[in-house]
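J.: Give me a model of this one.
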Amino acid sequence: MITIVDYKAGNLTSVRRALDHLGIPNQISSDPRIVRNAKRIIFPGVGHAATAMRVLQESGLDSALKEAFYRGTPILGICIGCQIILSHSEEGDTPGLDLIPGVCTHFQDRGASLKIPHMGWNAVAITQSHPILRNILPGDEFYFVHSYYPQPTDLTTIYATSDYGEPFPVAIGSKNLFAVQFHAEKSGAIGLQLIKNFAGWNI
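T.: Numbering: from 1, shown residues only. Reported below is the predicted structural model:
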């Protein structure tokens, strides 16, 4: 059973639809007790980092996620769920969950040809192997919608990059936590492969 964290940050239906398509049992929950004791967690999200952190703190889901992480529960972060696992976000100048040291950084002006937010399909380059990236090949494309991206302090936590005027991290991980900036649940067959890999990830 995979628990999808509901903290009013959107795209829950898309994640559930992807899991249902794969035949993977799942539930959506905003209950910190359920998240704290989950067997496996997907931490998705779209929207504003400061708003997301406020909801997490007010609901107690921030503590539940931290407890699950330190207990060794497999966690997959998606989009905002990839950004606010870091120590700090430039979006709203807000502290994050600090599960992976680093900062969520805003794209700088990249000229008229590269608009912000970055939206659309982009190829991903794997920089080091990981079980969640199994069967994902160089040049495989994922769907992005974002103005910020993760910049971890420890470069060894970066597992994949993409390029938007210059390279930027798109997949980061530490121990039982793995997170992607792109929307795996909206990335067709290759995104489903990544989610399937997570469902079978034995740490």
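J.: how about low-confidence regions in this structure?
T.: Applying pLDDT under 70 to the chain flags residues 109-113.
J.: show me where it has helices.
T.: Secondary structure of the chain (DSSP state H): helices at 12-22, 32-36, 49-59, 61-71, 80-83, 188-199.
J.: winner for burial among those?
T.: Each of the helices of the chain was scored by mean neighbour count; the highest is helix 80-83, a mean of 28, by mean count of other CB atoms under 10 Å. C-beta: built from backbone N, CA, C; applies to glycine.
J.: gap between Ala18 and Gly72?
T.: Noted for Ala18: a distance of 24 Å to Gly72, by CB to CB, to the nearest Å.
J.: How about Ile126?
T.: According to CB to CB, Ile126 stands 24 Å off from Gly72.
J.: hmm, back to that, between the helices of the chain, which gets nearest to Thr153?
T.: The closest of the helices of the chain to Thr153 is helix 80-83. By CB to CB, the value is 14.5 Å.
J.: Next up, the contacts around Asp6.
T.: For Asp6, the contact set (CB atoms under 8 Å, 6 or more residues apart in numbering) comprises Leu12, Ile28, Ser29, Ser30.
J.: check contacts around the third one.
T.: If I follow you right, that is Ser29. Thr3, Ile4, Val5, Asp6, Val35, Ala38.
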